[in-house]
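> how would this look folded up:
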Amino acid sequence: MSAVNLKRTLTGTVVSNKMDKTVTVLVERKIKHSLLGKVIRLSKKYHAHDEKNEYQEGDLVAIEECRPLSKTKSWRVTGLVDKSQAA
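Residues are numbered from 1 along each chain as shown. Purely as a prediction, here's the structure:
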């Protein structure tokens with residue numbers, strides 16, 4: 001039996017890095033409303049583990065699902081997609 005990666009991965013923007021080893025990532029997705037046909041933007045925030053406290057607010061990061069690390073944290077930052085332009 002081959003090893004299959006069943007971990008979900010998402011891409012979002014870091015909106016808070018005030019916690020130790022944790023960042024809050026805002027993930028936005030666009031869906032089409034079933035009745036109106038209008039495109040709606042839905043968003044959700046995830047707490048993700050950042051071991052080295054290296055990601056700043058505004059950074060675009062990739063996160064993957066992992067085992068629960070705390071009450072609210074069960075995602076891990078896997079890498080930086082795009083660095084924030086703010087100085």
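> for V23, see how far away the nearest residue to S74 once chain neighbours are set aside is.
Setting aside the residues directly before and after it, S74 is nearest to P68 in space (CB to CB, 6 or more residues apart in numbering), at 4.5 Å. The way it works is simple: take the backbone N, C-alpha and C, and place the C-beta from them, glycine included. Here the distance between P68 and V23 works out to 17 Å (CB to CB, to the nearest Å).
> and what of T9?
When CB to CB is applied, the distance between T9 and V23 equals 16 Å.
> any low-confidence regions in this protein?
For the chain, applying pLDDT under 70 flags the ranges 1-3, 5, 87.
> and if we set it to 80?
The model of the chain has pLDDT under 80 over residues 1-6, 85-87.
> P68 and V23: which is more packed in?
Of the pair P68 and V23, V23 is the one with more neighbours under other CB atoms under 10 Å, namely 27 against 9.
> tell me the bridge partners for the more buried one.
Under the criterion DSSP bridges, V23 forms beta bridges with A48.
> correct me if wrong: it contacts D50.
Yes. Contact between V23 and D50 holds when scored by CB atoms under 8 Å: they sit 4.8 Å apart.
> list residues touching both of these two?
Shared contacts of V23 and D50, defined by CB atoms under 8 Å, 6 or more residues apart in numbering, comprise 17, 77.
> related to what we said a few turns ago, assign a three-state SS to the residue nearest to S74, would you?
Here P68 is recorded as coil under DSSP: H, G, I helix; E, B strand; the rest coil.
> give me the phi and psi for it.
phi -60, psi 130 (degrees, to the nearest 10).
> and what of K30?
In this entry, K30 is assigned phi and psi values of phi -110, psi 130 (degrees, to the nearest 10).
> show the contacting residues for the closest residue to Q85 other than its chain neighbours.
Spatially, and ignoring its direct neighbours in sequence, Q85 is nearest to G58 (7.3 Å; CB to CB, 6+ apart). Under the criterion of CB under 8 Å, 6+ apart, the neighbours of G58 are 13-14, 84-86.
> no further queries at this time; thank you.
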